[in-house]
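[1] Starting from these lines, generate the structure:
(2 chains)
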Amino acid sequence: MASYVARRLLYALLTFFGITVVVFALVHSVPGDPISFYIGTHGVSQLSSAALDAIRREHHLDEPLISQYLWWLRGVLTLDFGSSIINHQHVTTRILEKLPNTFILNSIAFLLAAAIGVPIGLWSAARSGRLMERASAVLFFLLYSLPSFWVALLLMEFFSVKLRMLPLFGMTSDDYLQMSAAEQLLDRLRHLVLPVVTLSYAQLAIFARFSKSALTEVIRQDYITAARAKGVAPQAILWRHAFRNALIPLITLLGLTIPFLISGSVIVEQIFQWDGIGRLYFDSILTRDYPMVLGLTVATAVVTLLASLLADLLYAAADPRIRLEEQR
Amino acid sequence: MKRYLAALFLVLACSNERPLPPTTSVDESTPQEGGTVVRRLQSDVSTLNPILSTSGYDRFVAFFLFTPMVHFDVNLQVIPGLAEKWDIAPDGKLYTFHLNPSATFSDGSPVRASDVLFTLKKIVDPQNEAPQIAGSFEQLDLRNTKVIDDHTIAVAFKQELAAQLAHFNDLLVLPEHVYSKGDFKTDFAARAVGSGPYRLVRREPGKEILLERRPEYWGKRPYLQQVLFKVIIDDGTAWNAMKRGDIDESMIAADTWLMESRRPELTKTIDFRRFYTLTYNYVPWNTRDPMLSDKRVRHALAMCIDLKSIIDNLYHGTARAMNGPFTPDQWAYNPDVPVIEYNPQQAQRILNSLGWLDTNHDGILDKGGKPFKIEMLISGGANPSNPFSQLFQSELRKIGVQLVITPLDPSAFIQRALAGNYQCAYLSWDLDPDPDPFPLFHSSQIPPHGQNFVFYSNPEADRLMEEGRRELDQSKRTTIYHQLHALLADDQPYTWTVQVSSKWAINKRVHNVKESRGWGLFKWYPGELDWWIPSNQRTHDAAARRR
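    This is a model prediction of the structure:
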């Protein structure tokens, strides 16, 4: 087990370096540069060329790409991701400032989607082919296809503007600091409702259909037929015999979803003015704020690698036939 | 499970929403003190350090916290700010400012001439990586700039510049004893000490900025007790917030204006305003492109823009036609310069006379075997440059010119423009109050040295721009710019299209909201400092109570 984890970590490290090279090359090959952000932002006035040169020097923009990469890598190895070219703040500070917001929103949406989606999937698998199941499949397909910006605006229009039941945007109310602890928690929850719904309805559809198809696959296996022939109760077949084996594809889905917990969602964050990673990522790309884009990409890459490691470990836990260590 | 969820939802949904304000009658004709106005920020400020500011939003907030050396009034004329008076040496290179002796910073310390010098040094120090405001003081002669006494400073320049006095509006004076400590670039992003009428209560990045009136303010006291800036990036969300009364003002999109501004249930509480600011839209022509280097060709192409139809159909009458580098609100505007008339037949005749004929009968003009095909860069996404470019494309097709539209993001576009790697584009400029067009059209400003990315070079225009920016006599300067306006309109390095009006929604509880001639609602003096809210309509006071 330990040697397996160590080996996987070593692979992850190599993959990580591969990612840094590719991302660095990609970010720098996009046309435009951080300096162009300043053009036209101060009316038609002339810009100070001395200050522009200072920016180029400070961020090594005037050096060859390979040496820019080495400068950056040196920083990364000492956990210094540099500072933003646009507002001089440290990349790490900025990311840590926004990460909790994105993480809270996305994990609640994720848990909600899984908590509702997976049982629905199991239910559909048990009733596969019946009318209700067919109808629910169509419904989920529709849900999945609804564009989130549109759904968000409809939810807002109805629950916030018409009924005035829920707050329109933001993470807390104006008088948040004067509330008691219980009121503060309630206030936060109220602000979470619309963004969570917007984020989770499509995920819910994915979870439901994914777990349904995984389970349907398993139910067709011979050992299920054998169990049924033995006279095991249908409930027990579903839970004890089938579900555990259907977990494998679900774990894959989990591993793929975890990185999204921190990468944020531009649309939902913008519409609900949720101050998270997605918007930071988007703005940094638009302004070609290289250190910020690279810092965010590295953070996402690390989480992705860890998630896939976690998924591999969970495979073994779910299915003893998957061995972590090679046969000696 | 389901029952719990439903119960949770009910709890969440039914808890306190702000009650509607009580309506008792209050005298609404005389300004009243107090109250909180809630403003919208379309984008969070990048920093509260005014020297490092990178966007207009930074300046919206800085206006309340700091005082510039000079203010602009409602007509964008220079009036006293921190400096109560000034003398300009006859050669135009030395400005002696007399500071208001009663001016103090929010920490109680007096504003001294040494603070002005300190701020100037910070502005021009390249290490601060602040290319924008530093650009306004590019000609500063620091060696000859001297503090004369506590309240007098002589600021010297290497070159005279008619716009220089106006640039002192960018000099928001910082207290040396505060800003000389710590890291200038990073330590003042969320705190501020200035000499403005308000002081910072708090800044929560990405969320809001709360300001409070200084009780001991040295100038004319504003009416509003608090100003709360809320960051709302999305226009749709901001408009919903406006309808709910969560915010008091917001710029609104053209389609919102069109659909909502005449609905009686909204006009009861919302004041819809529309006015022109210092912006214009234009088509820059790369004059180094062999196809576009002849001004007759550029004129012919300009004749295919049906401005009247664009104004009526695309902007629903909320825009006006442009004909040169100055807007009709600016003194530099020459009223005798005509708008190029829509006349595709004439355009075709001009192109034919220049040898562009459809020799192979494929519907596209050609010359020397080369088809008349040009590429127009527009910024990606849903914005008015999209329909404009499509209208232009269909008009050009009628006379046998093929226009290829390429959407790009701004950064990629700027790179191609500065490299001269384009033919034309559709863009807009935000202008400065001083009309000096030198940075855009003077031959010395051709990239990589500046923003003359149409590569326009005309010795006569160069001469007018050089004289115009140095002429301190206003009437002579006006004559020079009138000539320049006519010359640029004739040379067509740009084809100026329209000036689109700025559209705003303002909650009617906020009184005395005025717009300036060119800067709209904000940043001019007294502007926002004259706003007030009747005491019976203070819906947001509890919300922004000091914590």
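[2] Let me know the secondary structure of the residue in the stretch 101-250 of chain A positioned nearest to chain B.
    Nearest residue of the stretch 101-250 of chain A to chain B (Cβ to the nearest Cβ) works out as A:D174 at 3.5 Å. C-beta: built from backbone N, CA, C; applies to glycine. For A:D174, the assignment made with DSSP: H, G, I helix; E, B strand; the rest coil gives coil.
[3] Assess the claim that it and B:T539 are in contact.
    No: using Cβ atoms under 8 Å, A:D174 makes no contact with B:T539, being 10.8 Å away.
[4] Leaving out chain neighbours, which residue sits closest to B:S109?
    In space, and not counting its chain neighbours, B:S109 is closest to B:P175: 6.1 Å by Cβ to Cβ, 6 or more residues apart in numbering or on different chains.
[5] Just give me the neighbour total for whichever residue of the stretch 401-547 of chain B sits closest to chain A.
    Residue nearest to chain A within the stretch 401-547 of chain B: B:S411 (3.0 Å; Cβ to the nearest Cβ). If you count neighbours by other Cβ atoms under 10 Å in any protein chain shown, B:S411 ends up with 20.
[6] tell me which element it is part of?
    Per DSSP states H and E: B:S411 is located in helix B:410-418.
[7] That helix - what's its average pLDDT?
    For helix B:410-418, mean pLDDT rounds to 87.
[8] Now do the helix or strand following it: distance to the chain's middle.
    Sequence order places strand B:424-425 as the next helix or strand after helix B:410-418, per DSSP H and E. Strand B:424-425 sits 22 Å away from the centroid of its parent chain (Cα atoms, centre = their mean, to the nearest Å).
[9] what number of residues lie near residue 164?
    By default, I'm working from chain A. Using other Cβ under 10 Å, A:R164 has 14 other residues around it.
[10] oops, I was thinking of chain B
    Count around B:Q164 with other Cβ under 10 Å applied: 22.
[11] hang on, the earlier thing: report the contact partners of the residue of the stretch 401-547 of chain B closest to chain A.
    Contact partners of B:S411, counting by Cβ atoms under 8 Å, 6 or more residues apart in numbering or on different chains, are A:31-33, A:36-37, A:286-288.
[12] now swap in B:R517 and tell me
    B:74-76, B:329.
[13] Poorly predicted segments of chain B, please.
    Residue ranges of chain B with pLDDT under 70: B:1-27, B:381-385, B:541-547.
[14] Which residue lies nearest the spatial centre of it?
    Nearest to the mean C-alpha position of chain B, by Cα atoms, centre = their mean, lies B:D430 at 4.7 Å.
[15] What residues are recorded as beta-bridge partners of it?
    For B:D430, the beta-bridge partners under DSSP bridges are B:T279.
[16] Quick check, it in contact with B:T327.
    No: contact criterion Cβ under 8 Å: B:D430 and B:T327 do not qualify, at 11.1 Å.
[17] Which positions in stretch B:397-416 come out as buried?
    The neighbour-count check on stretch B:397-416 (16 or more other Cβ atoms under 10 Å in any protein chain shown) flags B:399-403, B:405, B:407-416 as buried.
[18] Over to stretch A:269-277?
    A:269-277.
[19] thinking again about what came up before, now, of the contacts of B:S411, which are buried?
    Using 16+ other Cβ under 10 Å as the burial test, the contacts of B:S411 include A:31-33, A:36-37, A:287-288 as buried.
[20] from the residues you listed, which single one is nearest chain B?
    A:G32 (3.0 Å).
[21] Not counting sequence-adjacent ones, nearest residue to the closest one?
    The shortest distance from A:G32 to any non-neighbouring residue, by Cβ to Cβ, 6+ apart, is to B:S411 (3.0 Å).
[22] now swap in A:I285 and tell me
    A:I285's closest residue in space is A:V293 (Cβ to Cβ, 6+ apart), at 5.7 Å.
[23] Quick check, B:L464 in contact with B:H485.
    No: if you go by Cβ under 8 Å, B:L464 and B:H485 don't touch, sitting 9.6 Å apart.
[24] and the residue most central in space within chain A, what does it touch?
    For chain A, A:F260 is the residue whose C-alpha lies nearest the centre (Cα atoms, centre = their mean; 0.7 Å). The neighbours of A:F260, taking Cβ under 8 Å, 6+ apart as the test, are A:106, A:110.
[25] neighbour-wise, which of the contacts of B:R517 leads?
    If you count neighbours using other Cβ under 10 Å, the busiest of the contacts of B:R517 is B:L76, which has 22 neighbours.
[26] Quick check: the gap between the nearest residue to that one once chain neighbours are set aside and B:I446.
    Spatial nearest neighbour of B:L76, chain neighbours left out: B:P433 (4.3 Å); criterion: Cβ to Cβ, 6+ apart. Using Cβ to Cβ, to the nearest Å, B:P433 is found at 25 Å from B:I446.
[27] Which of those two has more residues huddled nearby?
    Taking other Cβ under 10 Å, B:P433 and B:I446 do not tie; B:P433 has more neighbours (22 against 19).
[28] Next, work out how far apart the more buried one and B:R517 are.
    9 Å.
[29] A:L65 against A:S29, yeah?
    No: assessed by Cβ under 8 Å, A:L65 is found out of contact with A:S29, at 9.1 Å.
[30] what about these two, which has more around it?
    A:L65 (12 against 8).
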